[in-house]
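Engineer: pasting a predicted model and its sequence here:
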Amino acid sequence: MEITVKILPSGASFRTRRGQSLLKVIKKEHLAIPLPCGGKGICGGCRIRFKRGAPPAQEIERKLLSKKEIEEGIRLACQCTLEEDCEIVAFLPKASECTPTAYPKLMECKGNGIDVGTSTIFIDVQGKCLNFWNPQVVWGVDIISRLQHALDPETRRAMKEILTEAIEKVLEEAGADESAFGVAGNPVMLGILADEELDGLSRYPFVKKHSEERSINIKNAKLILLPEIKGFLGADALCLLTAAHLVSEELPVIAMDIGTNTEMFLIAEGRILGTSLPAGPAFEGFGIREGTFAQEGAIYEVDEELNYKTIGGKPEIGICGSGLISAVYALKQRGFITEDGQLLFPDGFSLGRVKIYQEDIRALQLAKAAVYAGCKMLLRKAQLKGEEIKRIYLAGNFGGALKKAWLRDLKFIPEDIKAPIEYMGNVSLWGAKCYVSSKNVKETMLSLKKKAEVLQLAEEDGFQEAYLEGMKL
């Protein structure tokens, strides 16, 4: 006998047989419900809430959930057996305190800011930094999936509502008092917040219509959305460009923010070239068989002796993006992975209870090849050689977790670029704060926005060759 399962807030609905495990349904229907430990039932990170039709709590759930949570219909997605028609609300990790990485060459701004990432949201309230998982993950883990859902006006409004509710809750808990917040993010994230039509980003030439002055009033705050450059180079990319421009003592330089969507600039005398490259979700721990986002218990670093560290020193529940990159680096150093990415362990390589598989290495190759090809093509368009680059500025919280040796040895960066790498931290959050508190930074942003040339490198001759070259380890 079949039953109906409805997932909220996305509204997805489907039929499955009674007695089916929700874990199997998630994998079969490709539902974007996080499974941090891969469904092993050891982390408690896949919390969901049944509005109706909740199954009895299992023993593992009684250990990992409170009595009150169980009474409210909260369960672990990996432990549920579906017995009747039900409605499920996807849950995500609560906000936690974070330490924003300070880059001493950048001026300090005392404003309030929000960095709305596709995966993670960072909020700075009067110097206190908080971060939490973007609740829109129920509509997909990458920017392209999110965009496809947001093309429907009704879905886009639901996506805006769940995001603003999450921000309101965090601001209320942080004690925000009717403050103004600068908000940076990619064009899809800010487009959803502003409830703008996003059809233009779904097809060539990838242009979105939006007003320059955008603000949203929510409970306890006014959100001032930063300007965007063009196409997929949004407000977060403008913050990156501004930060690199302000600290560069010699030109040319390359500035990049590596992530699910990688933004990249080449700043030369009298010219700024920018591009955006969809690298895929492997950097965030998604698309990896036993991958997880950066949370307690995630393997975040593997040394050359194949010893590993987990966030918080907790038992390993999965591997996040930096953990995978360091593991591939270590395995390559030991001769366990070939230059073309072949893992010499057919059944996968174990790091405690977590395994790395051949398909995980391929996912990483695909992601990092986009970064490599982007650098190659920007150099070609600027008619420069790699040896001429004076600095590489690496921004973003994920970028700060990557060691220089990993980036060079695994060929994220072309071999002929010998320039020093400098870490800039979360410049998107920095820019959001400065936009509302520094007139000089705001004016610099608006000036650079006009100067930047936006390139669609994936359509340029030579991109595919550069991409294939970047697949090598």
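Structural biologist: Here it is on my side, so go on.

Engineer: ranges for the helices of this protein?
Structural biologist: 22-29, 59-64, 67-71, 143-150, 153-174, 187-193, 235-247, 321-333, 358-382, 404-409, 427-435, 439-451, 463-470 (DSSP state H).

Engineer: who does Leu266 bridge with?
Structural biologist: In this entry, Leu266 is beta-bridged to Ile254, Leu273, by DSSP bridges.

Engineer: which ones are touching it?
Structural biologist: Listed by CB atoms under 8 Å, 6 or more residues apart in numbering, the contact partners of Leu266 are Pro252, Val253, Ile254, Ile272, Leu273, Gly274, Leu378, Leu379, Lys381, Ala382, Leu384. Backbone N, C-alpha and C define where each C-beta goes, glycine included.

Engineer: one step back: would you reformat the helices of the chain as TSV and include distance to Ala282, mean pLDDT and mean neighbour count?
Structural biologist: Shown next, in TSV, are the helices of the chain (distance: least, CB to CB, whole Å; pLDDT from 0 to 100; neighbours: other CB atoms under 10 Å):
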stretch	distance to Ala282	mean pLDDT	mean neighbour count
helix 22-29	18	80	17
helix 59-64	28	89	14
helix 67-71	32	89	12
helix 143-150	14	86	21
helix 153-174	24	89	17
helix 187-193	19	95	26
helix 235-247	20	97	26
helix 321-333	7	96	24
helix 358-382	4	95	22
helix 404-409	14	96	16
helix 427-435	21	96	30
helix 439-451	30	96	15
helix 463-470	14	95	17
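
Engineer: same list, those helices, but as TSV with distance to Gly259 please.
Structural biologist: Listed next are the helices of the chain as TSV, based on distance: least, CB to CB, whole Å:
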stretch	distance to Gly259
helix 22-29	24
helix 59-64	30
helix 67-71	32
helix 143-150	9
helix 153-174	18
helix 187-193	12
helix 235-247	9
helix 321-333	9
helix 358-382	9
helix 404-409	14
helix 427-435	10
helix 439-451	21
helix 463-470	17
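
Engineer: show the pLDDT at Met289.
Structural biologist: Met isn't right for residue 289; it's Arg. In this model, Arg289 is scored at 82, pLDDT.

Engineer: hang on, the earlier thing: for Asp115, state which of the contacts of Leu266 is nearest.
Structural biologist: Relative to Asp115, the closest of those is Gly274; by CB to CB it sits at 18.7 Å.

Engineer: wait, doesn't that closest one sit right on Glu453?
Structural biologist: Yes: between Gly274 and Glu453 there is a contact under CB atoms under 8 Å: 6.8 Å.

Engineer: and the two? Which one has more around it.
Structural biologist: Legend: neighbour count by other CB atoms under 10 Å for Gly274 and Glu453, higher for Gly274 (26 against 15).

Engineer: ok, now which ones touch the more buried one?
Structural biologist: Ile229, Leu233, Ala237, Leu241, Glu263, Met264, Phe265, Leu266, Ala452, Glu453, Val454, Leu455.

Engineer: try 7 Å
Structural biologist: If you count contacts by CB atoms under 7 Å, 6 or more residues apart in numbering, Gly274 has them with Ile229, Leu233, Ala237, Leu241, Met264, Phe265, Ala452, Glu453, Val454, Leu455.

Engineer: OK, contacts around the second one?
Structural biologist: Listed by CB under 7 Å, 6+ apart, the contact partners of Leu233 are Glu263, Gly274, Ser276, Val454.

Engineer: equivalent analysis for the fourth one, please.
Structural biologist: Going by CB under 7 Å, 6+ apart, Leu241 touches Ala255, Phe265, Ile272, Gly274, Leu448, Ala452.
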